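Asker: 3D, please:
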Amino acid sequence: MASVHSMRVINSRRFRHRPLADPTSSIRLIKVLPKRSADGLLQCQISHSINTDKYTCLSYVWGQEHDHGGPFSILVNGKTVTVRYNLHTFLKVARSKFPKRNFWIDALCIDQLNTVERNHQVQQMGTIYAKAKEVIAWLGDEKTVEEAIPIIRFLTKFRNFPWQILDFVILESSRRRKQKREKQLGDFQDTFDRYWSRAWITQEITLASHVRILVRHTEWDISRVPHRHATQVAGVFSSYRQVPFFLFWSIVRQSHEAELPLLQLLSRYRDKQCAIERDRIFSLLAICNEGAYFEVDYNCSDRQLLREVLNVSSLSPCICSAEVALSGIDISAMSREDLNDEYFVSFAMNPTHIIRWNSSNYSGTRQCTVCQFDMDKSWNYRNGLIFCLSFVCHEIRGHLFWEEQSPTEGDIYCIGHSSTDSTPLGRIGHWVNVEIDACKELYTISFTLSALLKLFQGRKETLPQPRLCGIACTQGSESSRVKFS
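Answerer: Numbering: from 1, shown residues only. This is a model prediction of the structure:
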């Protein structure tokens, strides 16, 4: 066991961030020094600054802590810091390529152990990237990926490229050269797909005034490529999943696309990956039109975060809004109380969208009178009420079946659009509740989060991806039938 003295020595050698004078306006910048330390470590110098100074932002994939034998030790202001493989390889390149440049790199310039500071810095990350002189999109140190850059760069010089020359150079050349070119382009696209799949990359590239792709020591100033030449690259990647690259390219060319509501962006980028689920939401705040009203807080509960996303939304509340918002929440970490203690969403329906289902007067095929959906014959001999969900949301297809045992008791089921299977949502008064207003002739149905999740899971086979319906995409909430508590 290490002695107390030795532990103190180890701790004294570790780098610790000095608090920022004003976390809401000041930042840290880092330089990579050209000389290594006496024991061969990369050396960096970090300083405090206001974000009016000239600096370059790094856009990259963090990767896993133990990739390629990591983490790796470097020195920052003479003290030890560990970084992951992908950042370490960039710092090695920057040592010789950018010896005097100021960089803003999130892993080093934010005190990741200080939640209060991290909240403030993440809140202003959009401003940090927007004010940077340029953003470097670091794609790693793979040699075959680097070798693809000159091919792509060459093709983008032409507005109308003579494809027969490309066929001769690449496709009709020796078998070995053809395989090499295919591997280079394929490896570039695979690497780019991994880069573009990360949640934070969307904001970093959208807000950048200038973007430069860097692989090893080879760079490509993509901001200077005329947009009319982009079709040349389409020809290169026709066999290699070109869509992510051209979404990236179009965002670079448009600079800062018009701000959209947070839920629309979350729906568009719902498949983005991140180590912390809520970063799928936080990474979009700087490019959505509600970002100024949203406070980054890594300590708040997932239920609080979900409620805030829905409350600040400029769109009409709808059931599908909750499903999209849940894609940015770590549902598995939610407590039993958060899921079941309170009703989370409610909506009102009038009798024109409710069918009285009575087995005693059954005759022939049963159809929903709202959406003309044929109910499965297994439901023909059951008694209760059927609520057509298309009334409250055009996207959440299906029906609720209240199997009445009395006017205030019974079980609620979700019938998917196939209608052959049903998902029990709970008993009335527990996870689901139905209130009847006889004067207004309204049925108000309320769900806990747990029952709402079951509702969404019950129709995954027909609509596996959460999307916003036409109701949810309208501005304002005055006429909405859905309310979140």
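Asker: what about the residue most central in space within the chain, which helix or strand?
Answerer: The centroid of the chain falls nearest to residue 280 when counting by Cα atoms, centre = their mean (3.4 Å). Using DSSP states H and E, residue 280 sits in helix 279-282.
Asker: now the strands for the stretch 351-485 of the chain?
Answerer: With DSSP state E, counting those that start in this stretch, the ranges of strands along the stretch 351-485 of the chain come out as 354-357, 384-388, 399-406, 409-415, 422-427, 432-437, 442-448, 482-484.
Asker: over to the stretch 101-250 of the chain?
Answerer: Under DSSP E, counting those that start in this stretch, the stretch 101-250 of the chain gives strands at 103-104, 134-138, 211-215, 218-220.
Asker: and the ones you listed as TSV, adding distance to residue 341?
Answerer: Just so you know, the C-beta spots here come from the backbone N, C-alpha and C atoms, and that holds for glycine as well. Below are the strands of the stretch 101-250 of the chain laid out as TSV (distance: least, Cβ to Cβ, whole Å):
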stretch	distance to residue 341
strand 103-104	42
strand 134-138	44
strand 211-215	47
strand 218-220	53
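Asker: quick one: which of those strands is nearest residue 22?
Answerer: Nearest to residue 22 among the strands of the stretch 101-250 of the chain is strand 103-104 (16.3 Å), distances taken as Cβ to Cβ.
Asker: mean confidence for the closest one?
Answerer: Across strand 103-104, pLDDT averages out at 97.
Asker: counting by contacts, list what the helix holding residue 280 packs against.
Answerer: helix 199-206, helix 262-268 (3 or more Cβ pairs under 8 Å, 6 or more residues apart in numbering; DSSP states H and E).
Asker: dump the next helix-or-strand element following it to CSV, restricted to CA.
Answerer: Next in sequence after helix 279-282, counting helices and strands by DSSP H and E, comes helix 302-312. Only the C-alpha atoms of helix 302-312 are listed here, as CSV (Å, rounded to 0.1, in the frame of the first residue of the first chain):
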residue,chain,number,x,y,z
ASP,A,302,-34.0,13.3,-15.8
ARG,A,303,-37.6,14.1,-15.1
GLN,A,304,-36.8,17.7,-14.4
LEU,A,305,-34.8,17.9,-17.7
LEU,A,306,-37.6,16.3,-19.6
ARG,A,307,-40.1,18.7,-18.1
GLU,A,308,-37.9,21.7,-19.0
VAL,A,309,-37.4,20.5,-22.6
LEU,A,310,-41.2,20.4,-23.1
ASN,A,311,-41.9,23.6,-21.1
VAL,A,312,-39.5,25.8,-23.1
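Asker: please identify the buried residues of helix 302-312?
Answerer: 302, 303, 305, 306, 307, 308, 309, 310, 312 (16 or more other Cβ atoms under 10 Å).
Asker: how about the fifth one: what's its closest non-neighbour residue?
Answerer: So that's residue 307. residue 484 (6.9 Å; Cβ to Cβ, 6 or more residues apart in numbering).
Asker: which residues touch the one you found?
Answerer: Neighbour list for residue 484: 307, 310, 311, 317, 322, 344, 345 [criterion: Cβ atoms under 8 Å, 6 or more residues apart in numbering].
Asker: for residue 405, same thing?
Answerer: By Cβ under 8 Å, 6+ apart, the residues touching residue 405 are residue 411.
Asker: where does this protein dip in pLDDT?
Answerer: 1-12, 51-52, 155-176, 226-258, 359-366, 376-380, 397, 416-421, 458-466, 470-480 (pLDDT under 70).
Asker: who does the lengthiest helix in it touch, helix- and strand-wise?
Answerer: The helix that spans the most residues within the chain, counting by DSSP state H, is helix 175-196. Secondary structure elements in contact with helix 175-196, counted by 3+ Cβ pairs under 8 Å, 6+ apart, are helix 143-155, helix 243-254.
Asker: need the three-state assignment for residue 100.
Answerer: What DSSP: H, G, I helix; E, B strand; the rest coil gives for residue 100 is coil.
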